[in-house]
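> Sequence first, predicted model second:
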Amino acid sequence: AAPAAAGGGGDGNKEKSKKAAAKEAKKAAKKEAKKNFKESGGNAAPAAASAAPKKSSPNTTVAVRPMMTKSKLEPNQIAFNPNVSLADRPVVALTVAILSNTIVDYELVSDHTRSGCALGLPSGNGEVSGDLAIARFIAKKAASSSMLGGDDEEIALIDQWVDYALSLSKFGLARRALSIQRTLDPLLVSGTYVVGHSLTLADVALFASLGFPSTEEGKTEIAAILPAGSPTLRWMEMMSHSPAVREATQLAIGVAKNAEATIETSATIDPLVSGMSYLEGATPGCVTTRFPPEPSGYLHVGHAKASLLNEYYARRYKGRLIVRFDDTNPSKEKDEYQTSIIEDLAKIGVSPDVVTFTSDYFETIKQYALWMIENGLAYMDDTPQEQMQKERMDRQHSKHRDQPPSEALEYFKLMCSGKEEGKPWCLRAKMDMSSDNGTLRDPVLYRQNTTPHHRSGTKYKAYPTYDLACPIVDSIEGVTHALRTTEYDDRNAQYQCISKALNLRRVRIQTFARMNFMYTVMSKRKLTWFVDTGRVTGWDDPRMPTVRGVSRRGIDIDALKKFMCSQGASRRIVNMEWSKFWAENKKEIDKRAKRFMAIDKTEHAVLTVTNADDGTAFLSTDYLPKDPSFGKRLVRIGKKVLLEKVDTDGITVGENIVLTRWGVVEITKVDGGLEGKFIPDGDVKAAKRKISWIADAPGNTPVILTEFDNLISKEKLEEEDNFEDYINPDTEADTEVIGDAGLKTLKEHDIIQLERRGFYRVDRAYVNDSKPLRLFMIPDGKKKAMSGLDGKLAHR
């Protein structure tokens, strides 16, 4: 309440008389309150102090004058200062919103200029100021009898306790704590809650008056003030373990998106990975995320980001990850895709705690649909699709919108029967046809589909849409945070509208930008076209942006995770360059890729080292010069040595060159064939040319090197573009090379480096000379090759 205005002046005697009368009245009020409290057996709250102090001390909470002007806040925004103590944030209001299942309806705003907290009224006409005032408003709006009391007596008792908590705000923490302890102890000897048999606004208000000790630090501070064994301490411990209190603590601490509370020192959380943001309101052990792929295609790198973000948050907060197949459209779904998704998630290190299917809930979803019809929240419509689209664009109601529930139920039954006459009918939600958000204009919730389902067969002839199934199954399965890409932004309002209408447990939605890459299409339809037309060998073709494709190209799982996490849960949509993706990959594979050498089979030169052995000698060299722990390999040396032809251009007699891993050779002849002599103590650093080579000897390994290019020739396709007009005609090229004998030991999936050529993944191990070793080139993120050994395609 606003503080009372100061009165007019008067003579000294009158002023003294007034003070004396006020003092006596105050004494009498306290005496009467104490008497009533004893007579009630400790079940009535003491009356609130009748007068506020004239001067505020540093520990006094100054009352905030109610806002009567138009609010600067948007409707349902709760704004408060992130720099004040936890108790001075709207912790009571947040707890009430959580307990009343409405917290997701409110947006928290960090405002450094505010001295208190305020809520923008839903109408947009003003603000409600003060934590307890906001809490009462939220509870009343949600019709939460559990928070405000179930009958008149409970309501009165709760109001008294709330007023009592508010009256203590003028005292310091120690005095407040002792006052609450002395008042509550008799009540809590035989009771758990302050009023009734469940948590109410009275409990939360008094807990806030204690400083909202939800953290270890806060509880320790109160425990040092109160006597050991106090029932109030037991009550405080119980309150601090309430999931709603803990979530409110995280929301209050994390309002500026740059901090999170440590509830328990024993439940430590790993530091946030660079690029990631805090999960709003998340507390350890109380987080469940879900990744809901549709089994209608193979996972691509965009799906990989979504699944890895869900995996990351579930593990960081010691929660659960659900992989749920959204199998609501039997026309597109196959067991093949379902199996591939499980396999691909394993490839990228995503390990769900449970795998579920939306189809497991078809009967439950159907019952919700029937409930909506019976309660006038949905209707059946046979308007042709094109006309329905036009009516929605024109915000025009369907002619069936006001049909009686009994009639709608009959048409719903007809639709579900699978009969031809039921095919035109679909179930639509009654939302808001006048809304600027098109997804709220009576969306379709159910439609007929007689295609046999890959799991349930022909049991059902009509299926729910994703829009209806998702909020229902999220709520049932205990999902706390639904991570969705920004393309669903408009549909988030629809999701919450359905949740609210069905009185479901509300789920918090956190959005992030989808992953887009230059020169790439991610649409399942377009990727299917590449497969069906034979422009790629399949969904695992290294040119495809699928998880299988990039894995076959040579992506490292740790690199993939780091890259996706570095993009984080940001909402900013960007077109990524593949070079950044592959540059992150190179950092990882460079640590373990063993080094070998290979020379072009046709474009090479022969160097005769006149003082070398005849090919029976070997030298020992490290597989990984930077890390000798990877071991050593033997390299054959001999008189005849093969060099890359491009490396010999401009070579002169008397020039010293370095044969990598061997040593210095002085060139003694150029015309008529290169010759040189090995210099045992030659100066490696002084030589300008450092050349890869192999001995021309039996036992070398025939190798096919394969390069790839982008499937699309345009950097970014616009909506009006026909992607078929921008197909890159040259996307694969082979080069035959001769590699050293050690390459025969490689296995499929091994990743190596051919020195001065680049990194490669083994796609086929060496079998024999007619089935040689096949290596796929792994991009390194550079625009130019690491040496003069350019490939046949553009270096990506």
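Arrived safely. Residues are numbered from 1 along each chain as shown.
> And the contacts of the helix or strand hosting residue 565?
Using DSSP states H and E, residue 565 sits within helix 557-567. Helix 557-567 has contacts (C-beta atoms under 8 Å, 6 or more residues apart in numbering) with 273-276, 304-305, 308-309, 312, 347-349, 513, 515, 550, 576, 580-581, 584-585, 587-589. C-beta here means a position set from N, CA and C on the backbone, and glycine is covered the same way.
> Show me which of these are buried.
276, 304-305, 308-309, 312, 347-348, 513, 515, 550, 581, 584-585, 588-589 (16 or more other C-beta atoms under 10 Å).
> what residues are up against residue 422?
411, 414, 415, 416, 448, 461, 462.
> For residue 448, see how far away the first one is.
Yep, that's residue 411 we're talking about. From residue 411 across to residue 448, the span is 11 Å (C-beta to C-beta, to the nearest Å).
> what do you get for the fourth one?
Spatial separation of residue 416 from residue 448 under the definition C-beta to C-beta is 8 Å.
> now swap in the last one and tell me
If you measure residue 462 against residue 448 using C-beta to C-beta, the figure is 5 Å.
> Let me know whether residue 222 touches residue 210 as I believe.
Yes. Counting by C-beta atoms under 8 Å, residue 222 does reach residue 210; the two are 5.7 Å apart.
> ok so, going back, what's the overlap in contacts for residue 462 and residue 448?
Joint contacts of residue 462 and residue 448 (C-beta under 8 Å, 6+ apart) are 415, 416, 418, 422.
> which SSE is the second one in?
Meaning residue 416. With DSSP H and E as the test, residue 416 turns up in helix 405-417.
> What mean pLDDT does that helix get?
Confidence for helix 405-417, expressed as mean pLDDT, is 98.
> Buried ones in it, by neighbour count?
Here helix 405-417 shows 405, 408, 411, 412, 414, 415, 416 as buried, counting by 16+ other C-beta under 10 Å.
> Count residues in the vicinity of residue 638, would you?
Counted with other C-beta atoms under 10 Å, residues neighbouring residue 638 total 18.
> intersection of neighbour lists for residue 222 and residue 210?
177, 236.
> what residues do residue 416 and residue 448 have in common as contacts?
422, 461, 462.
> Quickly check the contacts of residue 422 for the two that are furthest apart.
The most widely separated members of those, counting by C-beta to C-beta, are 411 and 461 (13.8 Å).
> Not counting sequence-adjacent ones, nearest residue to residue 754?
residue 598 (5.0 Å; C-beta to C-beta, 6 or more residues apart in numbering).
> can you tell me how far that neighbour sits from residue 644?
From residue 598 over to residue 644 (counting by C-beta to C-beta), the distance is 10 Å.
> Need the residues touching each of these two.
In contact with both residue 598 and residue 644: residue 692, using C-beta under 8 Å, 6+ apart.
> who's more crowded, these two?
Between residue 598 and residue 644, counting by other C-beta under 10 Å, residue 598 is the more crowded of the two (29 against 23).
> is the more buried one in a bridge, and if so with what?
Counting by DSSP bridges, residue 598 is bridged to residue 739.
> where does the chain dip in pLDDT?
1-71, 144-145, 783-790, 794-796 (pLDDT under 70).
> try 80
Along the chain, the model assigns pLDDT under 80 to residues 1-71, 144-145, 265-268, 275, 567-575, 615, 782-796.
> Closest to the centroid, which residue in it?
residue 309 (4.1 Å; C-alpha atoms, centre = their mean).
> Identify the residues contacting that residue.
483, 512, 564, 565, 569.
> next SSE after the helix or strand containing it?
If you go by DSSP H and E, residue 309 is part of helix 301-316. Of the helices and strands lying after helix 301-316 in sequence (DSSP H and E), the nearest is strand 320-325.
> Centre of the chain to that next one, how far?
Distance of strand 320-325 from the chain centroid (C-alpha atoms, centre = their mean, to the nearest Å) equals 13 Å.
> Output the helix or strand just after it as CSV, nothing but the C-alphas.
Downstream of strand 320-325, the next assigned helix or strand under DSSP H and E is helix 335-347. Presented in CSV, the C-alpha positions along helix 335-347 are these (Å, rounded to 0.1, in the frame of the first residue of the first chain):
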residue,chain,number,x,y,z
ASP,A,335,10.7,-49.0,-40.1
GLU,A,336,13.8,-48.4,-42.2
TYR,A,337,13.9,-44.7,-41.1
GLN,A,338,13.2,-45.5,-37.5
THR,A,339,16.1,-48.0,-37.3
SER,A,340,18.4,-45.6,-39.1
ILE,A,341,17.6,-42.8,-36.6
ILE,A,342,18.5,-44.9,-33.6
GLU,A,343,21.7,-45.9,-35.3
ASP,A,344,22.6,-42.4,-36.3
LEU,A,345,22.0,-41.0,-32.8
ALA,A,346,24.4,-43.6,-31.5
LYS,A,347,27.0,-42.5,-34.1
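> which residues touch stretch 731-748?
By C-beta under 8 Å, 6+ apart, stretch 731-748 touches 543, 596-602, 604, 633-636, 642, 694-695, 699-711, 752, 754, 762-766, 773, 791-793.
> can you pull the contacts of the residue lying closest to residue 695 once chain neighbours are set aside?
Once flanking residues are discounted, residue 695 sits nearest to residue 638: 4.0 Å by C-beta to C-beta, 6+ apart. Residues near residue 638 by C-beta under 8 Å, 6+ apart: 609, 612, 613, 614, 615, 616, 617, 695, 696, 697.
> so where do the strands sit in the stretch 451-600 of the chain?
Ranges of strands within the stretch 451-600 of the chain are 462-464, 481-485, 508-512, 516-517, 575-576, 594-596, 598-600, based on DSSP state E, counting those that start in this stretch.
> likewise the stretch 651-796 of the chain?
656-659, 663-669, 674-679, 689-691, 693-695, 701-708, 732-739, 751-754, 758-764, 773-778.
> looking at those, which is buried most?
strand 693-695 (a mean of 25; mean count of other C-beta atoms under 10 Å).
> Run the chain-centre distance for it.
50 Å.
> Give the pairing partners of that strand; include direction for each.
Partners of strand 693-695 in its sheet, by DSSP bridges: strand 640-644 (antiparallel).
> Look up how far residue 292 lies from residue 331.
Counting by C-beta to C-beta, the separation of residue 331 from residue 292 is 18 Å.
> Look at those two and report which has more neighbours.
For residue 331 versus residue 292, neighbours defined as other C-beta under 10 Å are more numerous around residue 292 (22 against 10).
> give me every residue that touches that one.
Counted by C-beta under 8 Å, 6+ apart, residue 292 has contacts 323, 324, 325, 326, 358, 470.
> Next: residue 373.
379, 380, 405, 408, 409, 412, 427.
> list the contacts for the fifth one?
Residues in contact with residue 409, defined by C-beta under 8 Å, 6+ apart, are 370, 373, 374.
> Among those residues, which lie within helices?
370, 373, 374 (DSSP state H).
> from those, which is closest to residue 133?
residue 374 (38.1 Å).
> My understanding was that the closest one contacts residue 405; is that so?
Yes. Counting by C-beta under 8 Å, residue 405 is a contact partner of residue 374 at 5.4 Å.
> joint contacts of those two?
Between them, residue 374 and residue 405 share no contacting residue, judged by C-beta under 8 Å, 6+ apart.
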